[in-house]
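S.K.: just a sequence and a predicted model for now, questions to come.
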Amino acid sequence: MATARRFSNEPAFVLHRYDWSESSLILEVFTRQHGRVALVAKGAKKPSSNFRPVLLPLQPLSLTWTQSAATGANDIHTLKGAEWVGGHIMPTGDALLAGTYLNELLLRLLARDDPHPVLFDAYSAVVRVLASEHGEALEPVLRTFELLLLREIGMLPALDAQTLTLEPLQAQARYTLVPEGGLRAADASEQRASLSAAQWQALYAPLQGRGVRLAALLRACAPVALELKPQLRALLQYHCGSPLLRTRQLMLDIQAL
């Protein structure tokens, strides 16, 4: 007779949590070896629960859960253990909002049980930056993660050639990344939200191969973060579909105050 499978001490982050009953929670978690997983934390809302102070977003955790023999990988499994790994405090202010935005992207764009260990490691590094005195690093690290996320889900076109024609980039021209056309030459109205051929190629180089040179990608993003922001946000929203990302709407509402 088939028995339940047990997954132990898996590095993870909570992406989202919502009520399942008067005392329990459903969690969407991002794990290193199993990707996005749904778990039920029974009794987690009780004051006496060991889960209660641990199951927080943007905190590094070690989780243990079981998968019933009667369920598949994409079903909801039972959380058995959760420990805070430690290392940093909860981000606040703009950094907390940025972390919530990243969590929403992962929820909208990652399928369950689809491992992305490189993306997990990058997410872990970004969260550490968000929890620190990040200063001017916030925008570059967000752009870095957005680029890597698009690459990992197969939605980032090659950045060393024009997408539709496959023509090489011209050194003196500027190019823009658009949702339906990939990388193409920028017209006169798009000059402010465009990058030079050399800048696109500098972004593309660290993304080659099975891994990623995160520090090199961050250095390439830093001087062009402002120009990249609207292009990557439009591309990500295009692949997320409707409705508008809730964190993006919240940012717009705050800016309108």
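M.R.: Good, I have the coordinates. All figures in this text were calculated on a predicted structure; none of them were measured in a lab.

S.K.: quick one: the strands in the stretch 101-250 of the chain, in order.
M.R.: 174-178, 182-185, 195-196 (DSSP state E, counting those that start in this stretch).

S.K.: okay, and for the stretch 101-250 of the chain, where does confidence drop off?
M.R.: Scanning the stretch 101-250 of the chain for pLDDT under 70 picks out 133-135, 249-250.

S.K.: returning to that earlier point: and among the strands of the stretch 101-250 of the chain, the most buried is which?
M.R.: strand 174-178 (a mean of 22; mean count of other CB atoms under 10 Å). (C-beta placed from N, C-alpha, C; glycine too.)

S.K.: of the strands of the stretch 101-250 of the chain, give the one that comes closest to Asn50.
M.R.: Closest to Asn50 of the strands of the stretch 101-250 of the chain is strand 174-178 (CB to CB; 46.0 Å).

S.K.: returning to what we had before: would a markdown table of the strands of the stretch 101-250 of the chain with distance to Arg36 be doable?
M.R.: Converted to a markdown table, the strands of the stretch 101-250 of the chain look like this (distance: least, CB to CB, whole Å):
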| stretch | distance to Arg36 |
| --- | --- |
| strand 174-178 | 26 |
| strand 182-185 | 26 |
| strand 195-196 | 31 |
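
S.K.: tell me which of the ones you listed lies nearest to Thr165.
M.R.: Of all the strands of the stretch 101-250 of the chain, strand 182-185 comes closest under CB to CB, at 8.4 Å.

S.K.: C-alpha coordinates for the longest strand anywhere in the chain, CSV please?
M.R.: Longest strand in the chain, counting residues (DSSP state E): strand 5-19. Taking C-alpha atoms only, strand 5-19 is exported to CSV below (Å, rounded to 0.1, in the frame of the first residue of the first chain):
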residue,chain,number,x,y,z
ARG,A,5,5.9,11.1,1.3
ARG,A,6,7.8,13.3,3.7
PHE,A,7,9.9,16.3,2.7
SER,A,8,12.2,17.5,5.5
ASN,A,9,14.2,20.7,6.3
GLU,A,10,13.4,22.4,2.9
PRO,A,11,14.6,26.0,2.6
ALA,A,12,11.5,28.1,1.9
PHE,A,13,9.7,31.5,2.1
VAL,A,14,6.0,32.2,2.7
LEU,A,15,4.6,34.0,-0.4
HIS,A,16,1.0,34.3,0.8
ARG,A,17,-1.3,33.0,3.6
TYR,A,18,-5.0,32.9,4.0
ASP,A,19,-7.6,31.5,6.4
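
S.K.: good, we can wrap up now.
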